[in-house]
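Novice: Got a predicted structure plus its sequence, pasted below:
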Amino acid sequence: MYSLDAEDMELWKKTYYEELQKNKDIQDADFFQPADKGKNENYGVGKDGKFLLYEYCNIRYQLYRYIVREYVKTAGTEALQESQIAAVWGLLEILEGYIPKLMHKGTKDSQVLSFCDEHKKLWNEFYEFNRKEKLISDGEFFGNIQENANYGIGKD
């Protein structure tokens, strides 16, 4: 279990937590909330500022997804061809299809998901491109990818 330090917790409570509650496009606690249970405000980074690695990865994904979508809304899809964000946009579109398998399951994660063949082929292309360009931190976030290329979504 991890928690925000005192300074970050103050900022989280006064600014970010309240704003996240107003924005349904960014799901922190609600992402994990099982449909058949009462609301737990501490899921995700939550009201208490305590979180599991899985919850931390979710909020980062939610925030990045929101930023990329806002960029596309503002700049238009034509701008995608002119930037490396096009590769990230394509990957985001693939990952969105896997969200229902992860959402509303609580915060315990023991599930391993695999891409379908078509998505695995696209991931392999992105994986090699990302290794060269270092667009997103996939496996590096979890450890030394030279020792284990399958950290994160990874090579597998």
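Specialist: All right, it came through fine. Residues are numbered from 1 along each chain as shown.

Novice: Mind naming the longest helix for this protein?
Specialist: helix 53-75 (DSSP state H).

Novice: Now do the strands in this protein.
Specialist: 2-3, 50-51 (DSSP state E).

Novice: Count the neighbours of L20 for me.
Specialist: 22 (other C-beta atoms under 10 Å). In this view, the C-beta of every residue, glycine as well, is placed from N, C-alpha and C.

Novice: what's the answer for G139, then?
Specialist: Neighbour count for G139, taken as other C-beta under 10 Å: 21.

Novice: do A75 as well
Specialist: A count of neighbours around A75, defined by other C-beta under 10 Å, yields 13.

Novice: Excluding chain neighbours, what is closest to the residue nearest in space to the middle of the chain?
Specialist: Centroid check for the chain by C-alpha atoms, centre = their mean gives Y61 as the closest residue, at 1.8 Å. Leaving out its chain neighbours, the residue that sits closest to Y61 by C-beta to C-beta, 6 or more residues apart in numbering is L95, at 7.8 Å.

Novice: For stretch 41-52, which residues meet the burial criterion?
Specialist: Across stretch 41-52, burial judged by 16 or more other C-beta atoms under 10 Å covers 42-49, 51-52.

Novice: Sort those by pLDDT and name the bottom one.
Specialist: pLDDT across the buried residues of stretch 41-52 is lowest for L52, at 88.

Novice: Looks like that one contacts M1 (just checking).
Specialist: Yes: between L52 and M1 there is a contact at 6.3 Å, judged by C-beta atoms under 8 Å.

Novice: Distance-wise, check F126 relative to E18.
Specialist: Here F126 is placed at a distance of 35 Å from E18 (C-beta to C-beta, to the nearest Å).

Novice: These two: who's more crowded?
Specialist: Comparing F126 with E18 by other C-beta under 10 Å, the one with more neighbours is F126, at 20 against 11.

Novice: Tell me which residues touch the residue nearest to N130 when sequence neighbours are not counted, please.
Specialist: Closest residue to N130 in three dimensions, ignoring its sequence neighbours and counting by C-beta to C-beta, 6+ apart: I136, at 6.1 Å. Neighbouring residues of I136 by C-beta atoms under 8 Å, 6 or more residues apart in numbering: 88, 91, 130.

Novice: No more questions from me, cheers.
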